[in-house]
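S.K.: give me the fold of what follows.
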Amino acid sequence: MNRKWIYLLLSFSICTVLLVAVTDIRGSWKHKDQQNSQESKSTMKMVDFKEFFGDSEGCAVFYSVKDNRYDLYKPEMAEVRATPCSTFKIISSLAGLNYGVIKDKDTVFKWDGTEQPVKDWNQDLSFESAFKKSAVWYFARVVDQVGKERMNAILKEINYGNLDTSGDGAFWLGSTLEISPMEQVRIVKQLFNDELPFTKEQMELVRSVMFISDKKGVLSGKTGSSGIVPDYPTPTAWFIGDYKTYKDDYYFAVRIYGGDNISGQRAKEIATKICEEIYY
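M.R.: All right, here's what the predicted structure looks like:
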């Protein structure tokens with residue numbers, strides 16, 4: 001083959017590679033444009049959930065997939081950030097799976113014998129049981145094995161809250177990393193639509209351990225409470241997740257920040273009642 005034909009073949013190959021690359025980029029831009037367009041078309045509705053919160057002071061965001069609508073209780077608080085508490089275990093679970101620290105539901109970590117603040121944590125725990133019991137020591141170990149540099153890279157890629165991990169502690173235990181209810185809902189929405197930068201199998205596994213009940217709609221979620229966060233200035237409790245019914249799918253975040261009972265369990269009770277009495 002003479003030099004002329006070699007040059008022609010090389011030129012054709014280079015052009016083909018560039019064309020594929022440009023097509024991929026355009027496809028990526030198109031996907032982002034579609035997402036941005038959907039977000040811009042979302043409607044906002046103010047709702048009154050005071051009867052569900054009772055003496056607890058808090059806020060709530062519920063997103064309707066069918067109507068592309070955000071229902072906001074205390075909308076002035078929807079963009080206010082606070083420590084994610086144990087809701088961050090959703091992210092540390094994905095990170096652990098991504099880097100092989102967690103293999104599957106049955107990945108067991110041995111309890112080191114240190115007395116824990118919750119009696120149920122004083123034992124060897126599998127990934128599934130640790131998630132259900134919200135065992136801090138288990139996920140602190142996961143984050144430690146993944147490493148701060150890789151954890152920070154994940155947070156940046158998914159644009160998680162304020163991205164500030166300068167404080168001490170295992171990310172959610174420090175007082176610097178914070179996220180708003182609206183941002184929590186976005187993360188849940190991406191998780192349940194396989195839109196986070198993890199494999200579908202990894203996201204499906206995390207969704208499966210988030211499952212709570214299917215008695216009246218399918219409820220999945222994660223609680224969180226700042227009770228274990230050292231010196232956190234504003235008491236906070238969360239329940240975030242997904243609620244599927246025969247007519248719609250809702251992503252939600254409920255946060256409590258005032259009252260006598262600021263606990264993840266209380267936030268879960270409020271969210272569950274809203275789901276079953278308003279959205280079922």
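S.K.: what stretches of the stretch 1-150 of the chain score poorly on pLDDT?
M.R.: 1-40 (pLDDT under 70).
S.K.: now do the helices in it.
M.R.: Here the stretch 1-150 of the chain has its helices, by DSSP state H, counting those that start in this stretch, at 3-40, 50-53, 89-98, 127-133, 136-146, 148-158.
S.K.: tell me which residues in the shortest one are buried?
M.R.: The one in question is helix 50-53. For helix 50-53, the neighbour count (16 or more other CB atoms under 10 Å) marks 52-53 as buried. C-beta: built from backbone N, CA, C; applies to glycine.
S.K.: give me the contacts around that helix.
M.R.: 73, 256, 270, 273-274, 277 (CB atoms under 8 Å, 6 or more residues apart in numbering).
S.K.: so which of these are in strands?
M.R.: Using DSSP state E, 73, 256 are the members of the contacts of helix 50-53 that sit in strands.
S.K.: whichever of the contacts of helix 50-53 end up buried, select them in PyMOL.
M.R.: Buried residues within those, by 16+ other CB under 10 Å, are selected in PyMOL with:
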select buried, resi 73+256+270+274
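S.K.: excluding chain neighbours, what is closest to Asn68?
M.R.: Once flanking residues are discounted, Asn68 sits nearest to Ser42: 5.1 Å by CB to CB, 6 or more residues apart in numbering.
S.K.: right, and the one you found touches Tyr70 too?
M.R.: Yes - if you go by CB atoms under 8 Å, Ser42 and Tyr70 touch, sitting 6.0 Å apart.
S.K.: the two: who's more crowded?
M.R.: Shown here are Ser42 and Tyr70; by other CB atoms under 10 Å, Tyr70 has more neighbours (20 against 12).
S.K.: domains of this protein?
M.R.: Listed by automatic domain parsing, the domain ranges of the chain are 1-41, 44-279.
S.K.: what's near enough to touch the closest residue to Thr114 other than its chain neighbours?
M.R.: Spatial nearest neighbour of Thr114, excluding adjacent residues (CB to CB, 6+ apart): Trp137 at 7.2 Å. Counting by CB under 8 Å, 6+ apart, Trp137 makes contact with 111-112, 114, 116, 121.
S.K.: I'd like the residues you listed as CSV, with distance to Met203 and neighbour count appended.
M.R.: Formatted as CSV, these follow (distance: CB to CB, whole Å; neighbours: other CB atoms under 10 Å):
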residue, distance to Met203, neighbour count
Trp111, 28, 15
Asp112, 30, 8
Thr114, 32, 8
Gln116, 29, 14
Trp121, 26, 18
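S.K.: farthest pair within the residues you listed?
M.R.: Using CB to CB, the pair of these lying farthest apart is Asp112 and Trp121, separated by 11.2 Å.
S.K.: re earlier: torsion angles phi and psi at the residue nearest to Asn68?
M.R.: Main-chain torsions, Ser42, degrees, to the nearest 10: phi -60, psi 140.
S.K.: distance to Gln190 added to the contacts of Trp137, as CSV?
M.R.: As requested, those are arranged in CSV below (distance: CB to CB, whole Å):
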residue, distance to Gln190
Trp111, 33
Asp112, 34
Thr114, 35
Gln116, 32
Trp121, 29
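S.K.: from those residues, which is closest to Lys132?
M.R.: Distance to Lys132, by CB to CB, is smallest for Trp121 among these, at 11.5 Å.
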